[in-house]
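A.B. asks: Fold the following for me, if possible:
(2 chains)
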Amino acid sequence: MSSQSHGEHSSHPTLKQYVIIAIILFAITIVEFFIIWPYNRIGAASTPVLIILSCIKFAIVIFYYMHLKFDRRLLTWIFLAGLALGLVVSMALMTLFSSVYATPAPRPYAAANAVPYVHGEEGHEVASEAGHQEPVHASAEATHSEAESIGSAGESASSGEVDLGMEVFAGIGACGACHTVEGVAAGVVGPDLTYIGSEAASRKPGMSAEDYLIESIKDPEAFVAEGVERAMPGLMTAAVTSHLTDEQVDGLVAFLLEQK
Amino acid sequence: MAHAETAQHTEEEYTSTGINHRKLLMWVFLSSDCLFFGSLIATYMVYRGQSLVGPYPIDIIDIPITTISTFVLLCSSFSMVRALAATIANNQKGIQIWLLITALLGAIFIGFQVYEFNLFRSEGLYIYTNLFGTTFFTLTGFHGAHVTLGIVWLLGLFFVARKGRLGPKTVLDVEIAGLYWHFVDIVWIVIFTLLYLIGGFDAGPTAVIGPAPSMVPLV
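C.D. replies: Numbering: from 1, shown residues only, chains lettered A, B, ... in the order given. Okay, here's the model as predicted:
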């Protein structure tokens, strides 16, 4: 082989080695796929495991396919220097913008202004006709009070309450997982609450809107609104909301009353 | 042939590092390309989950399809090393076949990307729609441009090979193209992991950004 004449730094792996490497790369990719698809099988460990697996693939390709292992050491250093610099720059950027240490909680402003995406005709319409003007439009009615409350946080007790309620709704309360409030959350399992503020007062005879909402949150099974079919066994029970403090429930009520 | 045997194509050529200048240049370029893609990937990660308008990744990212295109690219890396092996062994037919297969697999990968981009557009995701669209198309688009350049390069080599000008004395021509091609492959390994396997389940800002859900979503 002429490659021999180039000395040790130009020798290449044999065909058999190449095939084995290809099989390893394939196998790792298959493992990666089935870790995550159709559902995450290893929970929170998936992110570090997937990153480690891809690093292994990365190393195999550069050391064998790009034969750094068999080449001059200088080339390895040149490449690793660039790679390290790239990593440092990336990590610095992510740290500066705190996407590495970011808490996985939804940000109130982003949550308040988010536009849910709907598959199919509707979603297409929204995207193609209204384009990027959509968020302004959608948030105008649903979140005018939140926008105010964020702007003038703490000015009045009620705007602070609404603010808190929205955070609970979209965050730890997880209400948004099932319920929709346009511009805040897009759950489809439970009833749509976009206009609950104007409907709550007339839901249950002889009960004020506020009392009705408190009852519906703390004891959801006490009264079922017209047209709502409960699942068997019921999904919305007192157990779902039992972890909320009275303050948080008051916030939720204030927030929901604003949804008109 | 006499021309080919002059300094340009012999690895015994004297350089202060002992490494052929063209090969060194390619490695320095790839090293700098790490910074290029590193910045684009970091930008994607910084704006991950910050989009205020859908579609969000979970709405449109198709992991099975992209896994197939990832396999295609991995296959092309294998055919590339076969092309290099054929060049070293002076197997003229092998050089041509493996170079062509590599270029073809690259073209299939690009085909998948064109299909994906069109699908995303039909779902309403344009480069200006949201932060996800902007960072996603910029990153994967630049990767696609790298692959496309690689295909042109490989086809160029294929036509040189058809004239019988590739062989043990011009191993470096194939080797350098191979280095570029494998690099494009490893960039995709990173993109596939971060944007698809890890980030493919990101929903809008009301949802928690993190690992993929451990249950099949009901809706």
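A.B. asks: what's the least confident helix or strand in chain B, going by average pLDDT?
C.D. replies: Of all helical and strand segments in chain B, the minimum by mean pLDDT, DSSP states H and E falls on helix B:2-5, at a mean of 43.
A.B. asks: Report the buried residues of the helix or strand that that one is followed by.
C.D. replies: The helix or strand immediately downstream of helix B:2-5 is helix B:21-46, counting by DSSP states H and E. Using 16 or more other Cβ atoms under 10 Å in any protein chain shown as the test for burial, helix B:21-46 gives B:23-24, B:26-27, B:30-31, B:33-35, B:37-38, B:40-46. (Each C-beta comes from the backbone N, C-alpha and C, glycine too.)
A.B. asks: now, which of those residues lie close to chain A?
C.D. replies: Among the buried residues of helix B:21-46, proximity to chain A is found for B:23-24, B:27, B:30-31, B:33-35, B:37-38, B:41-43, B:45-46 (Cβ under 8 Å from any Cβ of the partner chain).
A.B. asks: Quickly find the element holding the residue positioned nearest the centre of chain B.
C.D. replies: In chain B, the residue lying closest to the centroid (Cα atoms, centre = their mean) is B:V184, at 3.1 Å. In the assignment (DSSP H and E), B:V184 maps to helix B:171-191.
A.B. asks: the inter-axis angle of that helix versus helix B:21-46?
C.D. replies: 10 degrees (axes from the mean of the first three to the mean of the last three Cα atoms, to 10 degrees).
A.B. asks: Does chain A have contacts with helix B:171-191?
C.D. replies: Yes. If you take Cβ under 8 Å from any Cβ as the test, helix B:171-191 does meet chain A, through B:171, B:178-179, B:182-183, B:185-186, B:189-190.
A.B. asks: For the residues you listed, point out the one with the lowest pLDDT.
C.D. replies: Of all the residues of helix B:171-191 next to chain A, B:V171 carries the smallest pLDDT score, 93.
A.B. asks: What about it, how many residues nearby?
C.D. replies: Residues lying near B:V171 (other Cβ atoms under 10 Å in any protein chain shown) number 22.
A.B. asks: coming back round to it: quick one, which of the residues of helix B:171-191 next to chain A are buried?
C.D. replies: By 16+ other Cβ under 10 Å, the residues of helix B:171-191 next to chain A give B:171, B:178-179, B:182-183, B:185-186, B:189-190 as buried.
A.B. asks: who's in contact with the residue nearest to the centre of chain B?
C.D. replies: B:73, B:143, B:146-147, B:150 (Cβ atoms under 8 Å, 6 or more residues apart in numbering or on different chains).
A.B. asks: can you list those in TSV and add distance to B:L105 and neighbour count?
C.D. replies: Converted to TSV, those look like this (distance: Cβ to Cβ, whole Å; neighbours: other Cβ atoms under 10 Å in any protein chain shown):
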residue	distance to B:L105	neighbour count
B:L73	7	22
B:H143	15	19
B:H146	15	19
B:V147	10	21
B:G150	11	25
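A.B. asks: Keep only those of those residues that are in helices.
C.D. replies: With helices taken from DSSP state H, the overlap with the contacts of B:V184 comprises B:73, B:143, B:146-147, B:150.
A.B. asks: show me where the stretch 101-250 of chain A has strands.
C.D. replies: A:180-181, A:185-186 (DSSP state E, counting those that start in this stretch).
A.B. asks: so which of those strands gets nearest chain B?
C.D. replies: strand A:185-186 (4.7 Å; Cβ to the nearest Cβ).
A.B. asks: Just name the closest of the ones in helices among the contacts of B:V184 to A:G206, please.
C.D. replies: Checking those against A:G206 by Cβ to Cβ gives B:H143 as the nearest, at 64.2 Å.
A.B. asks: dump the residue contacts of the closest one.
C.D. replies: B:37, B:184, B:187-188, B:191.
A.B. asks: pLDDT below threshold where in the chain?
C.D. replies: If you meant another chain, say so; for now it's chain A. Applying pLDDT under 70 to chain A flags the ranges A:1-11, A:98-111, A:119-158, A:232-233.
A.B. asks: please go with chain B instead
C.D. replies: In chain B (pLDDT under 70), the answer is B:1-13, B:206-209, B:215-219.
A.B. asks: now with 80?
C.D. replies: Across chain B, the ranges flagged by pLDDT under 80 are B:1-14, B:49-50, B:54, B:204-219.
A.B. asks: can I get the contacts of B:H143 in JSON lines with distance to A:I36?
C.D. replies: Output for those, formatted as JSON lines (distance: Cβ to Cβ, whole Å):
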{"residue": "B:F37", "distance to A:I36": "22"}
{"residue": "B:V184", "distance to A:I36": "23"}
{"residue": "B:V187", "distance to A:I36": "20"}
{"residue": "B:W188", "distance to A:I36": "17"}
{"residue": "B:I191", "distance to A:I36": "15"}
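A.B. asks: Which one of those is nearest to chain A?
C.D. replies: B:F37 (7.2 Å).
A.B. asks: That closest one is in contact with B:T140, isn't it?
C.D. replies: No. The criterion here is Cβ atoms under 8 Å, and B:F37 misses it with B:T140 at 10.8 Å.
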